[in-house]
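Peer 1: take a look and give me a structure for this.
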Amino acid sequence: MDKASLIGSLLGVAACLFVGYRASEGNWAMFYSEKGMVMVFGGTISVALMAMPMDKLKCVPGYVRRFMFHKAKSPDEVIKQVVGLSEKGRRDGVLALESEIGKLDDKFLAQGLKMLVDGTAPETIETSLRMELLSMQERHKAGKKFFDLIKLYAPGYGLVATLIGQIGMFGHLGGEIEVMGHMLAVAVVATMYGTILANAVAGPIGDKLSLRSGEEMVNREMILQGLLSIGAGDNPRVTMEKMLAFLPHAARGKVSAS
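Peer 2: You can find the predicted model right below:
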């Protein structure tokens, strides 16, 4: 589990609950508006359906799992794994790496290593793996796009509900104060729903997915360069140096020393 995502989510919920309790003195019903929920949540869902194909929307649970449960290896783990393969290939020959393919839990690395063992030309390996990278990048964009839509349009639908509530309030001027208060509550609560949904839920999730996508792209690029280095018969030290080039200078010394 991604501890930062969990802690951040819990802190956000705790902050909202604390402030809400102090403001309402325990009367949570004042934060509920059926009309506001229908407008904000229903409207936001309609936007997602209009803007994205259904096959992408079916992947939403996977996007949320990716936000909460991050299983990708760190860059130093990737480097150690590929350098270990490089050392074995240098010592026993590339064909000896065939026994390692089944042990790998990274499909991208396993695919590249299999092509390397099969004697595939380096240009073909690079082209095939880069196509895989492009496909992965497009999948990740779809996940971020979903949450960007919520971030963009949820406040808009909250504003629509606010305007509707204000129109209803103005339409009852001179009437019962209770009706006017109810319509004003719809306006304010709907704005709150849209703001929370956009800034406390969709925005952070989308940004975290974008960050994780960038990290995974770097890991995959390191793997690609490492495989090409193994195929070229480079010294394992050279293979490591090529992969270290993707890391900040502060992190390179830590990996080299370990």
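Peer 1: how close does the closest residue to residue 163 other than its chain neighbours sit to residue 30?
Peer 2: Once flanking residues are discounted, residue 163 sits nearest to residue 187: 7.6 Å by Cβ to Cβ, 6 or more residues apart in numbering. Every C-beta, even on glycine, is put in place using the N, C-alpha and C of the backbone. Going from residue 187 to residue 30 by Cβ to Cβ, to the nearest Å gives 14 Å.
Peer 1: of these two, who's got more company?
Peer 2: More crowded of residue 187 and residue 30, by other Cβ atoms under 10 Å: residue 187, with 22 against 12.
Peer 1: does that one sit in a helix or strand, and which one?
Peer 2: For residue 187, the host element (DSSP states H and E) is helix 177-196.
Peer 1: just residue 127 next, same as before
Peer 2: With DSSP H and E as the test, residue 127 turns up in helix 122-171.
Peer 1: just the angle between the helix holding residue 187 and helix 122-171, please?
Peer 2: 170 degrees (axes from the mean of the first three to the mean of the last three Cα atoms, to 10 degrees).
Peer 1: return the set of buried residues in helix 177-196.
Peer 2: By neighbour count on 16 or more other Cβ atoms under 10 Å, the buried set for helix 177-196 is 180, 182-183, 185-194, 196.
Peer 1: and stretch 82-90, by the same measure?
Peer 2: Quick answer for stretch 82-90 (16+ other Cβ under 10 Å): 82, 83, 85, 86, 87, 88, 89, 90.
Peer 1: can you show me the CA trace of it as CSV?
Peer 2: Taking C-alpha atoms only, stretch 82-90 is exported to CSV below (Å, rounded to 0.1, in the frame of the first residue of the first chain):
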residue,chain,number,x,y,z
VAL,A,82,19.4,-5.7,-14.6
VAL,A,83,23.0,-5.4,-13.5
GLY,A,84,22.7,-8.9,-12.0
LEU,A,85,21.5,-10.2,-15.3
SER,A,86,24.3,-8.4,-17.0
GLU,A,87,26.9,-10.1,-14.8
LYS,A,88,25.5,-13.5,-15.5
GLY,A,89,25.3,-12.8,-19.2
ARG,A,90,28.9,-11.6,-19.2
